[in-house]
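Visitor: Give me a 3D structure for the following:
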Amino acid sequence: MKRLLPIGFGSQRCPDCDELISFEAINIKEGVALCPQCGKLSRLSELNVSGDSVAEILAHPPAGCSVITDGERVLATASLRSLAGFLFPAGFALFWNSIVSVFVLVAIAGLYSNLVGPLPNWFPAPGLKEGKPEMNGGPMDLGMTLFLCVFLIPFVTIGVGMAGAAIMNLIGKVEVAIDEFDSYVATGIGIIRWKKRFDARAVKTVEFGTTPWQSEGGANKHIEITANRSVKFGSLLQSDRMAWLRAVLREILLPRNSDDSDSKIPALAWLSRRSP
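Guide: The predicted structure follows:
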């Protein structure tokens, strides 16, 4: 199992040449590190802090990660599956939605009784009297019902969001398709995905990124591709999967930065022919 060592243990590697950077070459106050091998000055958030070289990361893909080649098209996939990431939002969603559902049933009962007619006896809304829900000692009129519907919107949104987060951490995945005519990053479940397209020929960097309020020495929060547009993704990935996916994308999209002849990552001819 891979360990993420904190700054100060000499486990950081240069994002360009992949050489180890000693603690003496790191300026924590300024948030930068100088590679003694290639001379690149990098932000601490850009460093590979896993301690493993790119070759080692590529040679041992984490569970749920794969690269599929179809001619001159490559699809890199990393699973979002995480037991810890699933349990908390699932438990919260179950608790939250069980409470909110009571009020949702009352709202549905109010709409039905005001717009259609008396509710059937089997309808599971609480506080029904003569087929109508009651509130403040009397039957709910249409105005009170509409107010309740509007009032419930943020509570329902939170419940749906937490349920979605639980499902994402159970069966969600991040896919990066690299194609000459349609390259994109897709995050989601099945056909329910958020796509961000980019021009693979215009890629300049593939780096780790952090949130604006995060310290430079903190853990990596996402992957960022800089091309014709900036594409940020992978914030839900576990650290080992994020490190693997970044290494794969750099190997494919920035082939001039790789001199590993034994790499199993495919080289795309149409990328190799692009202008520098």
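Visitor: what ranges do the helices span in the stretch 1-150 of the chain?
Guide: Ranges of helices in the stretch 1-150 of the chain, per DSSP state H, counting those that start in this stretch, are 54-59, 83-115, 142-171.
Visitor: Specify the stretch among those that is closest to residue 225.
Guide: Closest approach to residue 225 among these is made by helix 54-59 (16.8 Å; Cβ to Cβ). C-beta: built from backbone N, CA, C; applies to glycine.
Visitor: and that closest one, what does it pack onto?
Guide: Helices and strands in packing contact with helix 54-59 are listed as helix 239-253; criterion 3 or more Cβ pairs under 8 Å, 6 or more residues apart in numbering; DSSP states H and E.
Visitor: Can you give me the buried ones in the helix it packs on?
Guide: Using 16 or more other Cβ atoms under 10 Å as the test for burial, helix 239-253 gives 240-253.
Visitor: count of neighbours near the closest residue to residue 155 other than its chain neighbours?
Guide: The shortest distance from residue 155 to any residue that is not its chain neighbour, by Cβ to Cβ, 6 or more residues apart in numbering, is 4.9 Å, and that residue is residue 100. By the other Cβ atoms under 10 Å criterion, the neighbourhood of residue 100 contains 16 residues.
Visitor: Number of residues surrounding residue 196?
Guide: Around residue 196 there are 16 other residues, counting by other Cβ under 10 Å.
Visitor: my bad, residue 120
Guide: 9.
Visitor: ok, the residue lying closest to it once chain neighbours are set aside - contacts?
Guide: Of all residues beyond its chain neighbours, the one nearest residue 120 is residue 131 (7.6 Å), with distances taken as Cβ to Cβ, 6+ apart. Listed by Cβ atoms under 8 Å, 6 or more residues apart in numbering, the contact partners of residue 131 are 113, 117, 118, 119, 120, 121.
Visitor: Show the buried residues in those.
Guide: Applying a neighbour-count criterion of 16+ other Cβ under 10 Å, the buried members of the contacts of residue 131 are 113, 119.
Visitor: In CSV: the contacts of residue 131, plus distance to residue 201 and pLDDT.
Guide: Supplementary listing: those in CSV, determined by distance: Cβ to Cβ, whole Å; pLDDT from 0 to 100:
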residue, distance to residue 201, pLDDT
113, 61, 87
117, 63, 83
118, 66, 82
119, 61, 82
120, 62, 82
121, 66, 77
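Visitor: Now the contacts of residue 131 in JSON lines, please, with extra columns for distance to residue 43.
Guide: What follows is the contacts of residue 131, written out as JSON lines (distance: Cβ to Cβ, whole Å):
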{"residue": "113", "distance to residue 43": "61"}
{"residue": "117", "distance to residue 43": "65"}
{"residue": "118", "distance to residue 43": "66"}
{"residue": "119", "distance to residue 43": "61"}
{"residue": "120", "distance to residue 43": "64"}
{"residue": "121", "distance to residue 43": "66"}
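Visitor: and which of the contacts of residue 131 is nearest residue 146?
Guide: Minimum distance to residue 146 across the contacts of residue 131 is 13.1 Å, recorded for residue 113 (Cβ to Cβ).
Visitor: separation between that closest one and residue 127?
Guide: Using Cβ to Cβ, to the nearest Å, we find residue 113 at a distance of 12 Å from residue 127.
Visitor: which residues are common contacts for these two?
Guide: Shared contacts of residue 113 and residue 127, defined by Cβ under 8 Å, 6+ apart, are found at residue 133.
Visitor: Give me the below-cutoff pLDDT ranges for the stretch 101-250 of the chain.
Guide: Residues of the stretch 101-250 of the chain meeting the criterion pLDDT under 70: 130, 210-220.
Visitor: Could you pull up the contacting residues of residue 80?
Guide: Counting by Cβ under 8 Å, 6+ apart, residue 80 touches 168, 169, 172, 173, 174, 187, 236, 237.
Visitor: Now intersect these with the helices, please.
Guide: Per DSSP state H, helices hold the following members of the contacts of residue 80: 168, 169.
Visitor: Which ones among the contacts of residue 80 map onto strands?
Guide: If you go by DSSP state E, those have 173, 174, 187 in strands.
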